[in-house]
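Student: Could you work out the structure for the sequence below:
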Amino acid sequence: MPVSFSIHSYRGGTGKSTTTANLAVMLTLYNKNVATIDLDLTSPGLHVIYQVSQTQMKATLNDYIYGKTPLEDVVVDLTNQLGLPRGKLYFLGASMKPEDIAKLMRDGYSERFFKEVAKHLAEAYDVDFVFFDTHPGLNEDTLLAVLSSDISFMLMRMDKQDITGTYVTAQVLSKFNKTSYVILNMVPPSMADVPELQVEVSRLLGVPVVGVVPFYPEILQHRSRGVFILKHPKHPYTMRIKAIADFIIKNLG
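Tutor: Numbers count the residues shown, from 1 in each chain. I've put the predicted structure just below:
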């Protein structure tokens, strides 16, 4: 079975989808097969970063959940499109139709969904890692996604609300004995390289901080137009993402 990750944040605007997209691509450069699944069903955005058109998507996760299509029709292989030299990258997208979003929010999905998807991706596509890009907050469906994954990565900004919300989320996950880590994102540059930052935040939250990513205006200016690390392989942001990927390979792969 592949290792499954939920990428989560207490609030929106933490760069969750950007981190998911770039981290997944970075892991393919380690010759890993990675699947990214957009579970931010109210505002899906991974397809924008990956530049996947609606015509490329034969079907959506919504169709699969309601038994309208096999999973193979949902999977989009982005390996050649992104020009990846090693590994493979797959994308599974959610519907952008308001009626589909409303129906799934109303009906929800089961824990079995996450296990079935991960198992099928391993068998049919030899996937090593599965990333669920979740909706921010602690609603029932998001919590189900986090608890159904092997490991949770919580993205957090150095903001009082983010810190408080991430602490509460970490406490909830600890009650279920879930393995979780924190990535500090959009950190003010003056704070990013303070040696004590990771240790202090880890102690405060009771969860290890495995990455510190400063705020880079270039990421904002990029405006989700493709995968940043592929266009800027030597940028400091790329090196920060690589450090997180190194941690995954060495400790969680």
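
Student: Helices of the stretch 151-253 of the chain, residue ranges please.
Tutor: Remark: helices assigned in the stretch 151-253 of the chain by DSSP state H, counting those that start in this stretch are 160-175, 189-192, 196-205, 217-222, 228-231, 236-251.

Student: Confidence-wise, which helix or strand of this protein is lowest on average?
Tutor: Within the chain, no helix or strand scores below helix 98-107, which has a mean of 60 by mean pLDDT, DSSP states H and E.

Student: which is the next helix or strand following that helix?
Tutor: helix 111-125 (DSSP states H and E).

Student: Whatever helix or strand comes next after that next one - contacts with which helices or strands?
Tutor: Next along the chain after helix 111-125, taking DSSP H and E as the criterion, comes strand 129-134. Applying 3 or more Cβ pairs under 8 Å, 6 or more residues apart in numbering; DSSP states H and E, one finds that strand 129-134 contacts strand 3-9, helix 16-28, strand 33-39, helix 111-125, helix 140-148. No exception for glycine: its C-beta is placed from N, CA and C like everyone else's.

Student: again, only this time at 6 Å
Tutor: strand 3-9, helix 16-28, strand 33-39, helix 140-148 (3 or more Cβ pairs under 6 Å, 6 or more residues apart in numbering; DSSP states H and E).

Student: what does that strand rub up against?
Tutor: Contacts with strand 129-134, where a contact means Cβ atoms under 6 Å, 6 or more residues apart in numbering, come from 2-8, 17, 20, 24, 27, 34-40, 46, 118, 121, 142, 145, 149.

Student: Can you show me the CA trace of it as PDB?
Tutor: Coordinates of each C-alpha in strand 129-134 appear next as PDB, following Å, rounded to 0.1, in the frame of the first residue of the first chain:
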ATOM      1  CA  PHE A 129       2.600   8.200  -2.200                       C
ATOM      2  CA  VAL A 130      -1.000   9.600  -2.200                       C
ATOM      3  CA  PHE A 131      -1.700  13.200  -1.300                       C
ATOM      4  CA  PHE A 132      -5.200  14.300  -0.300                       C
ATOM      5  CA  ASP A 133      -5.400  18.100  -0.600                       C
ATOM      6  CA  THR A 134      -8.200  18.800   1.900                       C
END
